[in-house]
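Colleague: my questions concern the predicted model and sequence given below.
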Amino acid sequence: MAIKKVMVIGAGQMGAGIAQVCAQSGFNVVLNDMNEEALQKGMKNIEKLLTRAVEKERITNTDKTDTLNRLTSSTQLKDARDCDLVIEAVVENMDVKTKVFSELDGFAPKHAILASNTSSLPITEIAAATNRPDQVIGMHFMNPVPVMKLVEIIRGLQTSDETFNAIQTMTNELSKTPVEVKDFPGFVSNRVLMPMINEAIYTVYEGVASPEDIDTVMKLGTNHPMGPLTLADFIGLDTCLYIMEVLHEGFGDSKYRPCPLLRQYVKAGWLGKKTGRGFYQYS
Ligand SMILES: CC(=O)CC(=O)SCCNC(=O)CCNC(=O)[C@H](O)C(C)(C)COP(=O)(O)OP(=O)(O)OC[C@H]1O[C@@H](n2cnc3c(N)ncnc32)[C@H](O)[C@@H]1OP(=O)(O)O
Ligand SMILES: NC(=O)C1=CN([C@@H]2O[C@H](COP(=O)(O)OP(=O)(O)OC[C@H]3O[C@@H](n4cnc5c(N)ncnc54)[C@H](OP(=O)(O)O)[C@@H]3O)[C@@H](O)[C@H]2O)C=CC1
């Protein structure tokens, strides 16, 4: 099946990045968010990043104009009616995601593939909210999407080979590297990454060292591009907590228990860079 038109649902940091990369690769894209303000912020961010890419001579001004011409915005799920692929990137919550998928199933054309950018939630359960579980798949981009090369592709129990092949081909067309992983909590990336971030938060909680020093240890001592607490702020502390909860519940193993300090920060609304405060302050 040829994918030409894509809807991306959720205009947050991931959704906007996915929409940008798809439009830059020649796909027609509708960026959707139920919140008009979030939608406009997402569209502005894309324009800003494209302008920066022109300034750095990575793309030409014509590339930028062409990309923006392929991009439209929408606040209504019914605008999925002429899309071949929908990529969902709303909050990491099963109830919200299943509600979006079940509504979407009524609007998207019969042939359309419905993909989720979930970081950790079971694709099989998301697929079960639709009448087309064979056309539901996980397409897990990494943050920041325009920079990171990987896309984890997750098959649900009923995902068809045709769906998998179409998404693998599209991932290559986006100049990303696809890696197929099984439908287990956290897949591979977050099963490995998130316990390390959670452990770094425990290290702050237990007063072993300051956030700055913990990040310095991991940057200079293990060559990570960002320390784990800077990375947690960058990902979003709400998303980190949701992922730890999925791992904890999914495996039933106490080694995945989220650090109480992480819960406290999320309750305070300190969600990291996106809200201006997390382990660090952002002005
Ligand atoms: C939670 C999940 O489900 C899964 C996940 O995504 S986990 C998170 C995975 N991501 C990571 O681990 C990121 C770790 N950090 C890094 O790789 C790097 O710090 C980084 C790429 C983000 C920034 O790189 P850097 O060298 O420190 O900074 P900088 O020189 O400013 O940026 C390098 C390039 O990235 C671009 N960039 C940086 N941040 C960006 C952003 N938020 N959006 C788009 N582009 C960005 C810059 O424009 C720059 O591009 P050019 O090469 O064209 O100039
Ligand atoms: N952050 C990261 O590093 C990564 C995140 N992911 C995954 O991507 C998804 C999105 O994360 P991220 O972009 O960081 O989150 P953000 O909080 O930045 O963005 C989520 C966006 O979705 C909107 N939204 C929420 N519910 C709906 C809905 N029902 N319909 C339409 N829009 C909705 C939100 O609006 P509002 O603000 O009004 O609630 C917000 O604009 C999550 O599943 C996350 O796990 C995957 C890889 C990396």
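Modeller: Sure thing, it's come through. Numbers count the residues shown, from 1 in each chain. Ligands and ions are numbered 1, 2, ... in the order given.

Colleague: so for the closest residue to residue 71 other than its chain neighbours, what's the pLDDT?
Modeller: Of all residues not flanking residue 71 in the chain, residue 23 sits nearest, at 4.6 Å (Cβ to Cβ, 6 or more residues apart in numbering). In this view, the C-beta of every residue, glycine as well, is placed from N, C-alpha and C. At residue 23, the model reports a pLDDT of 98.

Colleague: and residue 2, by the same measure?
Modeller: pLDDT, read off for residue 2, is 88.

Colleague: tell me the secondary structure for it?
Modeller: Counting by DSSP: H, G, I helix; E, B strand; the rest coil, the backbone at residue 2 sits in coil.

Colleague: number of residues surrounding the closest residue in space to it that isn't next to it in sequence?
Modeller: In space, residue 2 comes closest to residue 84 once its chain neighbours are excluded; the distance is 7.2 Å by Cβ to Cβ, 6+ apart. Neighbours of residue 84 under the rule other Cβ atoms under 10 Å: 21.

Colleague: and if you look at residue 148?
Modeller: 14.

Colleague: ok, now how distant is the residue nearest to residue 176 when sequence neighbours are not counted from residue 68?
Modeller: Excluding the flanking residues, the one nearest residue 176 by Cβ to Cβ, 6+ apart is residue 151, at 4.7 Å. Using Cβ to Cβ, to the nearest Å, residue 151 is found at 23 Å from residue 68.

Colleague: more crowded one of those two?
Modeller: residue 151 (24 against 15).

Colleague: ok so, going back, surely the residue nearest to residue 176 is in a strand?
Modeller: Yes - assessed by three-state DSSP, residue 151 belongs to a strand.

Colleague: what pLDDT does residue 283 get?
Modeller: 83.

Colleague: could you give the number of residues near the nearest residue to it once chain neighbours are set aside?
Modeller: Spatially, and ignoring its direct neighbours in sequence, residue 283 is nearest to residue 276 (7.4 Å; Cβ to Cβ, 6+ apart). Residues within reach of residue 276, counting by other Cβ under 10 Å, total 13.

Colleague: what does the one 5 residues further on give?
Modeller: Other residues near residue 281 number 9, with proximity taken as other Cβ under 10 Å.

Colleague: could you report the separation of it from ligand 2?
Modeller: 19 Å (Cβ to the nearest ligand atom, to the nearest Å).

Colleague: rewinding a little: just checking, the residue nearest to residue 176 touches residue 175?
Modeller: No - using Cβ atoms under 8 Å, residue 151 is not in contact with residue 175; the gap is 10.5 Å.

Colleague: in a strand, that's where residue 8 is, yeah?
Modeller: Yes - using three-state DSSP, the assignment for residue 8 is a strand.

Colleague: residues in contact with the nearest residue to it once chain neighbours are set aside?
Modeller: Sequence neighbours aside, residue 19 is the residue nearest to residue 8 in space, at 4.4 Å (criterion: Cβ to Cβ, 6+ apart). Neighbouring residues of residue 19 by Cβ atoms under 8 Å, 6 or more residues apart in numbering: 6, 8, 11, 29, 31, 42, 46, 71.
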